[in-house]
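**Student:** fold the stuff below for me.
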Amino acid sequence: MYDLNELEKNVATWRKNRGLDQSTSKDAFMKTAEEFGEIAQALNKQNDELLMDAIGDTLVCLVGLAASKNMTLGECLHYAYEEIKDRRGMLKDGLFVKYKDLSRAEQIELDKRLSSEE
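**Tutor:** Next comes the predicted model:
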């Protein structure tokens, strides 16, 4: 198993050694967007090796974007988790739909399912 904090430190050192720590947050975002495109290509090609590389490259870019704003990836992930941990909703057509955006019938169905799990 890999330690996310240690990998993030390694990426930060790698970025600094190459002068990439001088890039702006806009630069870091644009590179991240480029890597998202590579994720799409890998999924379209159904190539898991390319997918792993593209996801990894995206994470490297996100480390840089976070660092450009004096944040860490771990801090951002923690913040996001705190926002979603109690969020309720369901998957519709492959997308998560928040409880408040569900029809009343879907809310009732979800409430029943969740109460039976307790």
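
**Student:** for the nearest residue to Glu35 once chain neighbours are set aside, which three-state class applies?
**Tutor:** Spatial nearest neighbour of Glu35, excluding adjacent residues (CB to CB, 6 or more residues apart in numbering): Thr58 at 4.1 Å. For the C-beta atoms, the positions are set from N, CA and C on the backbone; glycine is no exception. Secondary structure, DSSP: H, G, I helix; E, B strand; the rest coil: Thr58 is helix.

**Student:** neighbours of Thr58, how many?
**Tutor:** 19 (other CB atoms under 10 Å).

**Student:** which residues of the protein fall in helices?
**Tutor:** With helices called from DSSP state H, the chain shows them at 4-17, 25-45, 48-68, 73-84, 104-117.

**Student:** contacts only, for the residue nearest to Glu35.
**Tutor:** Applying CB atoms under 8 Å, 6 or more residues apart in numbering, we find Thr58 in contact with 32, 35-36, 38-39.

**Student:** one step back: dump the helices of the chain into TSV; add distance to Lys92 as well.
**Tutor:** Converted to TSV, the helices of the chain look like this (distance: least, CB to CB, whole Å):
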stretch	distance to Lys92
helix 4-17	31
helix 25-45	20
helix 48-68	25
helix 73-84	17
helix 104-117	8
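
**Student:** lowest mean pLDDT across those, which one is that?
**Tutor:** The stretch with the lowest mean pLDDT among those is helix 104-117, at a mean of 90.

**Student:** mind giving me the packing neighbours of that helix?
**Tutor:** strand 89-92 (3 or more CB pairs under 8 Å, 6 or more residues apart in numbering; DSSP states H and E).

**Student:** what's the strand it packs on packed up against?
**Tutor:** strand 95-98, helix 104-117.

**Student:** quick one: contacts of that strand?
**Tutor:** So strand 89-92 is contacted by 96-99, 101-102, 106, 109-110 (CB under 8 Å, 6+ apart).
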